[in-house]
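*Asks:* Dropping the sequence and predicted coords here.
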Amino acid sequence: MRRSQYKAWGLLAPTLVILFFVGLAPFFYVIYLSLFQYNIWSARGMVFAGVNNFRKLVFDSDFMHSLGIGLIFVVTTCAVEMSLGLIIALFLTNRFVGKGIVRTILALPLAIAPITIGSIWVLLTNPDIGPLPYVLRKLGVDYNIGVNANQAFLTTIFMDVWHWTPFVTLTLLAGLTSFPKEPFEAARVDGANRWQILRYVTLPLLTPVILTVLFIRIMDTFRIFDEVWMLTSGGPGTATRFVSIEVVRRVLVSTDYGYGSSMSVFILYLTIVVCWLLFQMISVVGRKTREV
Amino acid sequence: MKFKGRSKLIFIYFICIFLVVITLFPIYWMVIVSMRSKLELFIKPKLYQTTIFVDNYYRPLFKDIYGKFIINSLIIATGNTGLVVTLAIFATYAFSRFKIWGSQTLFFWTITNRMAPPAAFILPFFLIFTKIKLIDTHIELILLYCVFNLPFAIWLLKGMIDAIPKELDEVASIDGCTTLGTLWHIILPVAKPGLAVTAMMVWIFAWNEYLFASTLTNMNARTITTGLAEFVTVIGTNWGEMAAVSVVCLLPAIIFLGYIQKYIITGLTFGAVKE
């Protein structure tokens, strides 16, 4: 037993070394940095500031704004993606010729670089050459995401929905097709109609998968950067300046290293807490579903 | 769906065509734009294109610096894939065949690693890599991409290696194989198809990464995604060329899609949902 532990850790060692170097070390370093007042252009260098950065952070309206719109973004995109994804997945459980092709095409957006997604949407929404503004202008809507804050925000939501609904669909579909046949047959024998089967058999069985997808989508939409950076760079104004963009701007544009670090620590803290909560929820629900 | 027979089939195909068009149209539009000259772009938008304006591809890739960006991306993605797959085989074998103390904690840790916003790490990475003089090198990004690719590869491979019966290992060890020998002679040959898929997906993620590449390189190791993001400038963007570079950036995804699409869901949900 002892020997096998050594062997296991020996096999794991290179992975752990690398993950320590690229995962843990920067994590602790950023916590350390967040305790200092540190701007590379300031002559004073690093000055210990204790928790002052965090005190400032709580009253920083820009940062709170980015968290707020981030929250709206997460809730809206997740709600739309989950419901659309579920409907399409249920639809795709029908048997028909050519389903494989539809699934392959739906998988395409998942493999595309987020930055390319951004560029695709830039080309779609550009007021000079894009088809979207052209069509909307015909309908009497003046569409310009470089100027109109609401339109820009809505467009980022549409972009994310376009990009990730296929992921929700395909995952739920994978869950749906892996179910045992018996509960469905039993329900049919008992005379349940289509809606009752969906409500009382399919959805409860699907809950663990739904929660897993929701978990991944919440975390991913919260940290969204590439697509939005490419499409709007956080503008116009601060309309689409989500948390990641706010941090990058703080660090790279204003080179406010200490304060930027405290922001990073704050969002990492949020990530870990939310991650842990959702993780617990999934394992509890998963256990319950298995018992039933 | 209350329809029966033919009307149901028509309904199904109608929805399918709708889904396919919605998914493909933005990509189709990008390809169309990449084939147009500046003059063609600014007249009334048309939905089809019969001629190709080759300059959009030729100028950025062969005259400008984008060719070099592509080579950088190829080096980094391939280097990272080699490193990640090698390490992941060892790690996954350990997770799959040995009872490891604290493996739940390790699991949670790797998941949090995958979920953490990369934006939070750019500053420490920037300072650390500047200090050890690796900033703006290929090695930097090859190491760095392990942060998301290594957990990913481990959880994708775990299901595949778990599926290989343990009896095979036992037979090998009775025959005098060492642990590494077993891994090399027994596990690798069986897991080859799964490894290939894992490698392709890891490669794609490395190729696709933008934020780290853009903040931690400035000239020498700049990647294609970074180059793409720099197209939008204040003095005006050459849309045709930007679309052309986007198409090039998209090609690997399309090439690999057929192979990886069966596993992409398992991978993206770290093995929680299997297809």
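*Replies:* Yes, it's here. Numbers count the residues shown, from 1 in each chain, chains lettered A, B, ... in the order given.

*Asks:* Surely A:Q151 is in contact with A:D142?
*Replies:* No. Judged on CB atoms under 8 Å, A:Q151 makes no contact with A:D142 at a distance of 9.0 Å. Bear in mind the C-beta positions are built from the backbone N, C-alpha and C, glycine included.

*Asks:* which strands and helices sit next to the longest helix that chain A contains?
*Replies:* Using DSSP state H, we find that the single longest helix of chain A is helix A:257-291. Other elements packing on helix A:257-291 under the criterion 3 or more CB pairs under 8 Å, 6 or more residues apart in numbering or on different chains; DSSP states H and E are helix A:25-33, strand A:36-37, helix A:52-58, helix A:203-222, helix A:243-248, helix B:103-115, helix B:122-131.

*Asks:* Just the buried positions in the first one, please.
*Replies:* This points to helix A:25-33. By 16 or more other CB atoms under 10 Å in any protein chain shown, the buried positions in helix A:25-33 come out as A:P26, A:F27, A:Y29, A:V30, A:I31, A:L33.

*Asks:* what's the answer for the third one, then?
*Replies:* Of the residues in helix A:52-58, A:N52, A:N53, A:F54, A:L57 count as buried by neighbour count, 16+ other CB under 10 Å.

*Asks:* Could you provide those in TSV, with additional columns for pLDDT and distance to A:F184?
*Replies:* Shown next, in TSV, are the buried residues of helix A:52-58 (pLDDT from 0 to 100; distance: CB to CB, whole Å):
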residue	pLDDT	distance to A:F184
A:N52	83	60
A:N53	84	56
A:F54	86	53
A:L57	85	52
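
*Asks:* CSV please, covering those residues and showing distance to B:G67.
*Replies:* Formatted as CSV, the buried residues of helix A:52-58 follow (distance: CB to CB, whole Å):
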residue, distance to B:G67
A:N52, 48
A:N53, 44
A:F54, 46
A:L57, 44
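
*Asks:* tell me the contacts of residue 16?
*Replies:* Went with chain A since none was named. Applying CB atoms under 8 Å, 6 or more residues apart in numbering or on different chains to A:L16 gives no contacts.

*Asks:* meant chain B, my bad for not saying
*Replies:* For B:C16, the contacting residues are A:F96, A:G98, A:V102, by CB under 8 Å, 6+ apart.

*Asks:* can you tell me which of these are in helices?
*Replies:* Those of these mapping onto helices are A:V102, per DSSP H.

*Asks:* tell me, how many neighbours does B:P252 end up with?
*Replies:* Other residues within reach of B:P252, judged by other CB atoms under 10 Å in any protein chain shown, total 21.

*Asks:* That one belongs to a helix, doesn't it?
*Replies:* Yes. Checked against DSSP: H, G, I helix; E, B strand; the rest coil, B:P252 lies within a helix.

*Asks:* For the longest helix of chain A, list every residue counted as buried.
*Replies:* Buried-residue list, helix A:257-291, by 16+ other CB under 10 Å: A:257-268, A:271, A:275, A:278-279, A:282, A:285-286.

*Asks:* Give me the more crowded residue out of A:Q151 and A:D142.
*Replies:* A:Q151 (20 against 11).

*Asks:* name the element that one belongs to?
*Replies:* Assigned by DSSP states H and E, A:Q151 belongs to helix A:149-177.

*Asks:* next SSE after that helix?
*Replies:* helix A:182-189.

*Asks:* So what touches that following helix?
*Replies:* For helix A:182-189, the surrounding residues in contact (CB under 8 Å, 6+ apart) are A:Q196, A:I197, A:Y200, A:V201, A:T202, A:L205.

*Asks:* which stretches of the stretch 101-250 of chain B have low pLDDT?
*Replies:* Counting by pLDDT under 70, the stretch 101-250 of chain B has low-confidence residues at B:233-235.

*Asks:* What residues sit buried inside the helix holding A:Q151?
*Replies:* Neighbour-count burial for helix A:149-177, counted by 16+ other CB under 10 Å, picks out A:151-176.

*Asks:* pLDDT averaged over it - what is it?
*Replies:* Mean pLDDT, computed over helix A:149-177, is 93.

*Asks:* How far off centre is it?
*Replies:* Taking CA atoms, centre = their mean, to the nearest Å, one finds the center of helix A:149-177 at 10 Å from the center of the full chain.

*Asks:* Who are the packing partners of that helix?
*Replies:* Applying 3+ CB pairs under 8 Å, 6+ apart, one finds that helix A:149-177 contacts helix A:61-92, helix A:99-111, helix A:114-125, helix A:203-222, helix A:226-231, helix B:5-34, helix B:264-268.

*Asks:* quick one, it and helix A:203-222 angle?
*Replies:* Angle, helix A:149-177 to helix A:203-222, by axes from the mean of the first three to the mean of the last three CA atoms, to 10 degrees: 140 degrees.

*Asks:* Sounds good, over and out.
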